[in-house]
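# Quick one: sequence plus predicted model below, questions after.
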Amino acid sequence: MVDSCSPPSIYLEGLQSNCEAESEVQAVLPGVGNLREAIEKARPHTTLVLSAGIYVENSTIEIKTPGLYICSEAILTEDGLHGTTVCASFATDQPLIKISCESVTLANLSFEYDWPEEFGEVRSRSCIVIGGESNARVEGCSVACQSGRGIDVRDNASPDIVDSLVKNCMIGLYVHCQATPTAERNTISFCKASCVRVSERSSGNYNENVLKDGGDACIWAGGDSTATFRKNMVGSTNGCGIMIGERSKVVLLDNQVTGHHINGIQAGDRADPVAKNNTISGSQGSGIVLYDHAKGLFVQNEVSTSKLACVGIRDSSQPIFINNTVCDGEGSGFVLLGESSGIFENNFILRNTCAGVGMKGSTKALFDGNTINNNKGYGVWLQDDSSGTFQNNEISSNCNAGFAVSNVASPKVHGNTIRDGRHVGILLQNNAMGEYWNNTISNNKATNVLLVGSSQGYFHDNVIADSVGGGVLFRADTKCIFRRNRVIANHRANMAVLDRASPCVENNIIQHGSGRGLVITGNSSGSFCRNWIRSHGLAGVYVGGHADPKVNSNVIGEAVASGVVIEDFAKGSFCDNLVVGNISAAMAVQGSAMPLVERNVIQHGGNGGIWLGETAGGAFNDNLVEDSDCSWRVGTGVTSKIRSPTSKCTPADIERAIGTISPPFQDKIVLLTNPGSSVRSIGTSIPVLPYPVLQKIEKPAPVTKNATTTTPVDTTSALQAEQSLSRSLLVDQSG
C-alpha cells in the first residue's frame, strides 16, 4: 500500500503533466456535495485530489470543464476496494457522473450507484456516462452500478478506459451511437446481461481485458458495430462467451474463450465478423455457432473440447473458415444444417467423437485442402439432400468411414486422399449419389469403397489400392457407375458385386490383387465392359450364385488360377473378351451355370482354353481359341451348345482378332513374348501400366500375411453407427 497522504506513483506522472499545463491543484474533503461543488468551481486543467473517504452526491455531477484531472490519494487494492468512494444517494434513471467535454481524467476512484431492489431494474441507468466528443480517461477506477450500466460511452466520444475494475452491473461497459473508445487491461465481471456491449455504429479497441461472469454473454456485439477485440480473456458465463448479432462486423483477434459457457462464439442475424487466432475450449454447447444468414471469416482459430459440434452452422449461414484447428469435440467437428453453405480451406479437423464434418438438410459447401484425421465416427458424413464440393483433402485414420454419403446426398468429391481408415474408405448408402473422381483411396481395412442400398454414385479416374479387405464392394441394390478407375493391389477381391447390385463398370484397370480380380455373385447383374483385368492371385473374373452380368470386350490375363470362372447357377453374357496368359484355364464353366460365351479371343499358351465341367450349360459361339491339346475340355454331363470356327486357329489369327479389342484408355493392344517363356502375353502401345501406377501411390505400411482373413464389412453395424451419429449431429437452438 502507498501512504494515503500522497497519490500513488502510477498517477504522479499524470498529476505532474497536468500541473505543468496551467495548473492549479486543489484538495477536496469527503462529505455530501463537496465533490460537485469543487468540480463546478474548478477552472480548466485544474487537478482535484480527493482525500480518502466517502463522497455522497444527491444528483448527477456534470463535468463540463475541459482538462480536469480528478484523482484520489489512495490506490485500488487487489480486491477492488478504494479508500475514496463516490456514491449516489438518489434513485433515478440519471447517471452519477456525466462527462461531455475534452481531456477529463478520473483516476484511482471508486464509483458506486446502488439501486434499491424494490425500485426494479432500470437498464438505461448508468454510473458514468461519457458523451459528446469527449476523449476522457478513466484509469485505475472501480465502478459498480447494480441493475444498470457501469460505464456508458455514447455519441462520438472516444475515451480511454484502462486498468479499471467494473463489476456488479447489468452491463459493465456499454458503447453505442458512433463512439470509439479504447478499453485496455480492465476486469469486467459479475454483470447480469453482458460485460461489454457494443451496438449501433460504434467501434473502438478492446484489448487485454478480463471479462467473466456475464449473464447472457461476456461480449455482446450488435447493430453495425465494427469494434476490435484483441487478447481478451473471456471466462465463465451463463450464456455465450461472445455473442454477435444483427449486422455487426466486429473483429476478434487472439482472444481466449474458456471457463463455463454454452457456446464460445455465437453469431446470427446477418452478422459478418472476422475472427483470427482465437482459442475456444470447453464449450457446453458448440465452440462456434453461426445461424440466420451469418457470414464471417474465421482464420487460424483453435476450437476444441466442445460438448456438441465444435463448429455448428445452420439456417442460411455462409462463413469462410481457413487454417483453423477443430479438434477433440465430444460431438462432431463441423456440422452444417438447414440451407447453410460456406468455404472451408486448409483446416485441421482431428479426433472428434462423431464425424469430422457432418452435413444435413440442403447444405452446400466447399471443403478444399483440409486434413480430416482420427475422428472416431466418420471423416465426412453427408445426409439428406446435402451436396457441395470436397477437393484436395487428406482424409485418414477415421473409424467408420473416411467419406460417407447417405439418403439422397450428392457431393462432388475429387482430388482427395482417403486412406488408413479403420473400416471403409468411401461409403455410399440409401439412395446416395454424387460424383467421385481423381481420388486416391487406399489401405482402408474393411474395404476401400462400399456401395450399399440403392446408391447411384459415379466414380471415375480414381486410384483404389492396398486394402486388406478388398477394393470395391457393391451390395444391396446399388447401380453405381465405375469408369477409368485403377483398382490395384487389394487383398481378397479387387472388386466384388453381391446381392442385387447392378453397376456399370467400364474402362477400368483392375490388377495385381492377391485374391480375385472381379467377383460377381448373389443375384447381381450389371455391365462390365472394356476393363483391363490382370495379374491376380486367384481367378481374374469369378461369377457365381444366380448372377446374370454382361462381361464384354475386356482384357483378362495373367491370373494365377483361371481367367474366368463361371459356376453355380450363374448366367450372363461373355462376349468379345481377350483372355490371355492365365495359369489355369482361360474360361472354366462348371456347376449348373448357363452363360452365353461368344466371339472371345483366347490365347492360353497350352495351359487351357475353355473347360466345361460337371453339368455346365449355356452357348459357346464363334470363340477364337489358340490351338492345342487343351483348347477345349468338355465334361460328360455338359449340355452346352458349342459352335466354333471350322478352321484351325493360329497365333496369327489371334493377333488379327486382337486388333478389334480396345483396352482402357483406348490404347492399341500388341502381343509380347515374355523372356524365357513360351507363353505369349499382352502389352500396349505405351509402357505397361501396372508398375508405374503403383509407384505413384503413397505406399502404406506393410500388411501382415494373415490380414487377408479380415471379415467383410458389417453393414448392420454401419447403419447403427449412422443412427447414433444422427443423434449426435443435432444442434439445439443455442448450439
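Sure thing, it's come through.
# Nearest residue to residue 424 in space, please, no chain neighbours.
In this structure, residue 424 finds its nearest non-sequential neighbour in residue 401, 4.2 Å apart by C-beta to C-beta, 6 or more residues apart in numbering. No exception for glycine: its C-beta is placed from N, CA and C like everyone else's.
# wait, what's in contact with the one you found?
By C-beta atoms under 8 Å, 6 or more residues apart in numbering, the contact list for residue 401 reads 378-379, 381, 421, 423-427, 450, 718.
# gap between it and residue 410?
Separation of residue 401 from residue 410 (C-beta to C-beta, to the nearest Å) stands at 17 Å.
# Please apply the same query to residue 321.
If you go by C-beta to C-beta, the gap between residue 321 and residue 410 works out to 23 Å.
# Who has more neighbours out of the two?
Each of residue 321 and residue 410 has its neighbours counted (other C-beta atoms under 10 Å); residue 321 has more, 28 against 19.
# Could you say which helix or strand holds that one?
Using DSSP states H and E, residue 321 maps to strand 320-322.
# Then residue 652?
Following DSSP H and E, one finds residue 652 within helix 651-658.
# on that earlier part again, the residue nearest to residue 424 bridge partners, please.
With DSSP bridges as the criterion, residue 401 is bridged to residue 378, residue 424.
# go on, residue 519?
Counting by DSSP bridges, residue 519 forms beta bridges with residue 496, residue 542.
# which ones are touching it?
493, 495-498, 542, 544.
# Most widely separated two among those residues?
495 and 544 (14.4 Å; C-beta to C-beta).
# Pick out whichever of these two has more residues nearby.
Taking neighbours as other C-beta under 10 Å, residue 495 and residue 544 compare with residue 495 leading, 29 against 19.
# pretty sure the more buried one is in contact with residue 472, am I right?
Yes: checked against C-beta atoms under 8 Å, the pair residue 495 and residue 472 is within contact range at 4.5 Å.
# who touches both of these two?
Common contacts of residue 495 and residue 472 (C-beta under 8 Å, 6+ apart): 482, 487.
# Give me the below-cutoff pLDDT ranges for the stretch 501-650 of the chain.
Low-confidence segments of the stretch 501-650 of the chain, defined by pLDDT under 70: 645-650.
# let's see 80
Along the stretch 501-650 of the chain, segments meeting pLDDT under 80 span 604-606, 614, 627-630, 635-640, 644-650.
# Buried residues, stretch 629-643. List them.
630-632, 638, 640 (16 or more other C-beta atoms under 10 Å).
# rewinding a little: which one of the contacts of residue 401 has the most neighbours?
Counting by other C-beta under 10 Å, top hit in the contacts of residue 401: residue 425 with 35 neighbours.
# I'd like the distance between the closest residue in space to that residue that isn't next to it in sequence and residue 403.
Spatial nearest neighbour of residue 425, excluding adjacent residues (C-beta to C-beta, 6+ apart): residue 444 at 3.8 Å. Between residue 444 and residue 403 the computed distance is 10 Å (C-beta to C-beta).
# State the mean pLDDT of the helix or strand following the strand holding residue 321.
Sequence order places strand 325-327 as the next helix or strand after strand 320-322, per DSSP H and E. Averaged across strand 325-327, pLDDT comes to 98.
# can you list contacts of strand 325-327?
Around strand 325-327, the neighbours that count as contacts under C-beta under 8 Å, 6+ apart are 287, 301-304, 310-311, 333-334, 347-352.
# before we move on, the earlier item: overlap in contacts, residue 444 and residue 403.
Contacts common to residue 444 and residue 403, judged by C-beta under 8 Å, 6+ apart, are 418, 425.
# of those two, who's got more company?
More crowded of residue 444 and residue 403, by other C-beta under 10 Å: residue 444, with 34 against 31.
# What residues does that one make contact with?
Going by C-beta under 8 Å, 6+ apart, residue 444 touches 402, 418-425, 467, 469.
# would you list those in a markdown table and tack on pLDDT?
Converted to a markdown table, these look like this (pLDDT from 0 to 100):
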| residue | pLDDT |
| --- | --- |
| 402 | 98 |
| 418 | 98 |
| 419 | 97 |
| 420 | 97 |
| 421 | 96 |
| 422 | 94 |
| 423 | 95 |
| 424 | 97 |
| 425 | 98 |
| 467 | 96 |
| 469 | 94 |
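# of the residues you listed, closest to residue 431?
The nearest member of these to residue 431, counting by C-beta to C-beta, is residue 424 at 18.1 Å.
# which residues touch that closest one?
Residues in contact with residue 424 (C-beta under 8 Å, 6+ apart) are 400-402, 404, 444, 446-450, 713, 718.
# if we can go back for a sec, so which of the contacts of strand 325-327 sit within strands?
Using DSSP state E, the members of the contacts of strand 325-327 that fall within strands are 302-304, 311, 334, 348-350.
# Report the two of those residues separated the most.
Going by C-beta to C-beta, the pair spanning these furthest: 302 and 334, at 14.1 Å.
# which one of these two has more residues nearby?
Per other C-beta under 10 Å, whichever of residue 302 and residue 334 has more neighbours is residue 334, with 30 against 17.
# I'd guessed the more buried one sits against residue 340; true?
No: assessed by C-beta under 8 Å, residue 334 is found out of contact with residue 340, at 10.3 Å.
# tell me, what's touching the two both at once?
In contact with both residue 334 and residue 340: residue 313, using C-beta under 8 Å, 6+ apart.
# Who are the contact partners of residue 510?
471, 487-488, 494-495, 517-518, 531-534.
# how much space between it and residue 455?
Using C-beta to C-beta, one gets 20 Å for the distance from residue 510 to residue 455.
# Likewise for residue 479?
8 Å.
# more crowded one of those two?
Between residue 479 and residue 455, residue 455 has the larger neighbour count (other C-beta under 10 Å), namely 27 against 17.
# Need phi/psi at the more buried one.
Main-chain dihedrals, residue 455, degrees, to the nearest 10: phi -60, psi 150.
# Residue 40 - that's part of a strand, no?
No: with DSSP: H, G, I helix; E, B strand; the rest coil as the criterion, residue 40 is helix rather than part of a strand.
# OK, contacts around the closest residue to residue 49 other than its chain neighbours?
Spatial nearest neighbour of residue 49, excluding adjacent residues (C-beta to C-beta, 6+ apart): residue 27 at 5.4 Å. Residues in contact with residue 27 (C-beta under 8 Å, 6+ apart) are 48-49, 51.
# Which helix or strand contains residue 27?
Going by DSSP H and E, residue 27 is in strand 24-28.
# mind putting the contacts of residue 519 in a markdown table, distance to residue 213 included?
Conversion of the contacts of residue 519 to a markdown table gives the following (distance: C-beta to C-beta, whole Å):
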| residue | distance to residue 213 |
| --- | --- |
| 493 | 62 |
| 495 | 61 |
| 496 | 60 |
| 497 | 62 |
| 498 | 60 |
| 542 | 69 |
| 544 | 70 |
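# out of the residues you listed, who's nearest residue 652?
Closest approach to residue 652 among these (C-beta to C-beta): residue 542, at 31.6 Å.
# quick one: which of the ones in strands among the contacts of strand 325-327 is most hemmed in?
Within the ones in strands among the contacts of strand 325-327, residue 349 tops the neighbour count with 33 neighbours, counted by other C-beta under 10 Å.
# ok, it touching residue 356?
Yes: using C-beta under 8 Å, residue 349 is in contact with residue 356, at 4.2 Å.
# list the residues that contact both of these two?
Residues touching both residue 349 and residue 356 (C-beta under 8 Å, 6+ apart): 333-334, 372-373, 375.
# Select only the buried ones of the residues you listed in PyMOL?
To isolate the buried subset of the shared contacts of residue 349 and residue 356 in PyMOL, counting by 16+ other C-beta under 10 Å, use the following:
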select buried, resi 333+334+372+373+375
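# Show me which pair in the shared contacts of residue 349 and residue 356 is furthest apart.
334 and 373 (13.9 Å).
# Touching both of those two, which residues are there?
Both residue 334 and residue 373 are contacted by 349, 356, under the criterion C-beta under 8 Å, 6+ apart.
# re the thing from before, among the contacts of residue 424, name the ones in strands.
Judged by DSSP E, the subset of these located in strands is 401-402, 404, 447-450.
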